[in-house]
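Student: I would like to see how this sequence folds:
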Amino acid sequence: MAAPAVLAVLAVLGFALLPAGPAAAADKPTVTLSASQAGKGGSVTVKGAGWRPDALLMMLVCGQSEPGKGVVGGTNSCANSDGRAVTTDKHGAFSRKLPVAEPPEPCPCVVHVATVTGEKQQVDAVLKVAGHPVKALPEQAGGGRLTVLTDTGLEGSSGLLTWFGAPPQRKLEFTVGNVGSAPVKDPVFQLGTSHGVFAPQWEEQQWRGTIAPGKKAQIRLPVELSAGAHGDYLVSLKFGGKVLAEQPWGVGRPWGVTVFWILLCVVVPAAVFRIGMVVVDRLRPNRRRVVRAGRHRTGRLAELVRRLPQLRLPQGAVEADRRARAPRASHAAPTTRTKPVGGTGASGGPGADAPATSGSGAGEPTTALPWFTPDTDPGAPAGRLSAPSDNSPTKGTT
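Tutor: Numbers count the residues shown, from 1 in each chain. I've put the predicted structure just below:
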């Protein structure tokens, strides 16, 4: 009797200690809308719970999306200009109104809520935008599904050309695994690069190979930015419409371009100034050549004058010229002194103040006029026209 009673008590206690249901799983972020349908220009209240405390979230109205498949075209399918940011409270909850805008892609549409910083979390809630076109989602080929197994990294370094503004290049390295039920052959990834608050610019990159179900593969994809890019960039990896990983990339400033422009601003003005000075030197007259030419002409003329013979005028021409000058001299000066030919000179002798007489002798003045020709004087006697010689009759005697 005691044994059955003990067993009965243990059974009651066991049923009492058993949990009423399976263990509650960890809370996941959730999003609810105040209305499932709204038109353009209206608004809906978005409420969330289960998020990280004090987390910054972004709310967007996106097209070509479903909660189970995510946003197919990424944030390019969302109305980014009408999005709203919200911060969760200490319990991970939030509530805020979101204006309804037509996304750039047709519906089905959702309200996409995702974390901005920290661990990646995102939730989609169905929203029907009244009056917006609807189009079926594109079918995904195959049943394979890839996921990133390791952290991503950028391989490579900048060269000398990058320092002068060449496009920076890297290789994004990551490892993916196929968690689907079908192999994935030659998967096409999308790489996006964004700078600051701008949306990423997506570019398709195809990897050659096949990933069997349950297998993994290491993949390297080239990433290239535009020429002269610098600053903080974010490289995003997307496959099947979902963002698999994000990798920050800090690009240094191309200082070589700055140095080039500084040298250009210094060298070009100096070269222009030098060319201008050469042109001015070529166009203006050469003063040295002009001075040298003038000196040569003056020297030649003086040499020519020295070589001309000193012509003496005939005596008759001299007497006629003296008679013509006598009246003019009498009006100009009362007395005229001449150097005596033979006397005591300055000692005051008899011939000191004797006037000059018109006679032949060595003391008679002679005038040399190279430009004068004897035949032009009507009073000159006919005779010899050349320079007088030693036996000339006009030569004075001693």
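Student: list the helices and strands the host helix or strand of M58 packs on?
Tutor: Counting by DSSP states H and E, the element that carries M58 is strand 56-62. If you count contacts as 3 or more CB pairs under 8 Å, 6 or more residues apart in numbering; DSSP states H and E, strand 56-62 packs onto strand 84-87, strand 94-99, strand 110-115. Using the backbone N, CA and C atoms, a C-beta is placed for each residue, glycine as well.
Student: Would you agree G276 falls within a helix?
Tutor: Yes: looking at G276 with DSSP: H, G, I helix; E, B strand; the rest coil, it is inside a helix.
Student: roughly how far apart are it and S77?
Tutor: Counting by CB to CB, to the nearest Å, the separation of G276 from S77 is 61 Å.
Student: Of those two, which one has the most company?
Tutor: S77 (23 against 10; other CB atoms under 10 Å).
Student: dump the residue contacts of the nearest residue to the more buried one once chain neighbours are set aside.
Tutor: Counting by CB to CB, 6 or more residues apart in numbering, S77 lies nearest to E105, which is 4.2 Å off, once chain neighbours are set aside. Residues near E105 by CB atoms under 8 Å, 6 or more residues apart in numbering: C62, G63, Q64, G73, S77, K135.
Student: Going by distance to V259, which of these wins?
Tutor: Using CB to CB, G73 comes nearest to V259 of the contacts of E105, at 42.4 Å.
Student: Return the list of helices and strands in contact with the host helix or strand of A38.
Tutor: Assigned by DSSP H and E, A38 belongs to strand 37-39. The contact analysis (3+ CB pairs under 8 Å, 6+ apart) places strand 37-39 against strand 128-130.
Student: returning to that earlier point: could I get the average pLDDT for the strand holding M58?
Tutor: For strand 56-62, mean pLDDT rounds to 92.
Student: Next, the angle from it to strand 110-115.
Tutor: If you take axes from the mean of the first three to the mean of the last three CA atoms, to 10 degrees, strand 56-62 sits at 160 degrees to strand 110-115.
Student: Can you give the contact residues for strand 56-62?
Tutor: Strand 56-62 has contacts (CB under 8 Å, 6+ apart) with 46, 48, 51, 71, 75, 77-80, 82-88, 94, 96, 98, 100-101, 103, 105, 109-117, 124, 127, 129.
Student: do the same with stretch 241-250
Tutor: Under the criterion CB under 8 Å, 6+ apart, residues 69-74, 120, 146-148, 151-154, 170, 172, 174, 176, 193, 223, 231-238 lie in contact with stretch 241-250.
Student: buried stuff in it?
Tutor: Using 16 or more other CB atoms under 10 Å as the test for burial, stretch 241-250 gives G241, K242, V243, L244, A245, Q247, W249.
Student: for stretch 156-171, same thing?
Tutor: Under the neighbour-count criterion of 16+ other CB under 10 Å, stretch 156-171 has T162, F164, G165, P168, R170 buried.
Student: Report the separation between the two terminal residues of that stretch.
Tutor: 7 Å (CA to CA, to the nearest Å).
Student: if we can go back for a sec, go through the buried residues of stretch 156-171 and say which is closest to I211.
Tutor: Using CB to CB as the measure, the one of the buried residues of stretch 156-171 that approaches I211 most closely is R170, at 23.2 Å.
Student: Look at that closest one and give its secondary structure.
Tutor: Following three-state DSSP, the label given to R170 is strand.
Student: For the residue lying closest to A130 once chain neighbours are set aside, give its distance to V279.
Tutor: Of all residues not flanking A130 in the chain, G39 sits nearest, at 4.0 Å (CB to CB, 6+ apart). Note on G39: its distance to V279, by CB to CB, is 74 Å.
Student: for V86, same thing?
Tutor: According to CB to CB, V86 and V279 sit 70 Å apart.
Student: Same question for V111.
Tutor: Separation of V111 from V279 (CB to CB) stands at 72 Å.
Student: Please say which of those two ends up with more neighbours.
Tutor: The residue with more neighbours, out of V111 and V279, is V111; 22 against 10, by other CB under 10 Å.
Student: how about the next helix or strand along the chain from the strand holding A38: buried residues?
Tutor: Following strand 37-39 in sequence order, the next helix or strand is strand 43-49 (DSSP H and E). Across strand 43-49, burial judged by 16+ other CB under 10 Å covers V44, V46, G48, A49.
Student: Same check on stretch 199-211?
Tutor: Going by 16+ other CB under 10 Å, stretch 199-211 has these buried residues: P200, W202, Q205, W207, I211.
Student: In PDB, list the C-alpha atoms belonging to that stretch.
Tutor: Coordinates of each C-alpha in stretch 199-211 appear next as PDB, following Å, rounded to 0.1, in the frame of the first residue of the first chain:
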ATOM      1  CA  ALA A 199      23.000  54.800 -51.600                       C
ATOM      2  CA  PRO A 200      25.400  52.100 -52.900                       C
ATOM      3  CA  GLN A 201      26.100  51.700 -56.600                       C
ATOM      4  CA  TRP A 202      25.700  48.100 -57.400                       C
ATOM      5  CA  GLU A 203      27.700  46.100 -60.000                       C
ATOM      6  CA  GLU A 204      27.300  42.500 -60.900                       C
ATOM      7  CA  GLN A 205      30.300  40.100 -60.500                       C
ATOM      8  CA  GLN A 206      30.100  36.500 -61.600                       C
ATOM      9  CA  TRP A 207      32.100  33.800 -59.900                       C
ATOM     10  CA  ARG A 208      33.000  30.800 -62.000                       C
ATOM     11  CA  GLY A 209      32.400  27.500 -60.200                       C
ATOM     12  CA  THR A 210      29.800  25.200 -58.500                       C
ATOM     13  CA  ILE A 211      29.000  25.000 -54.800                       C
END
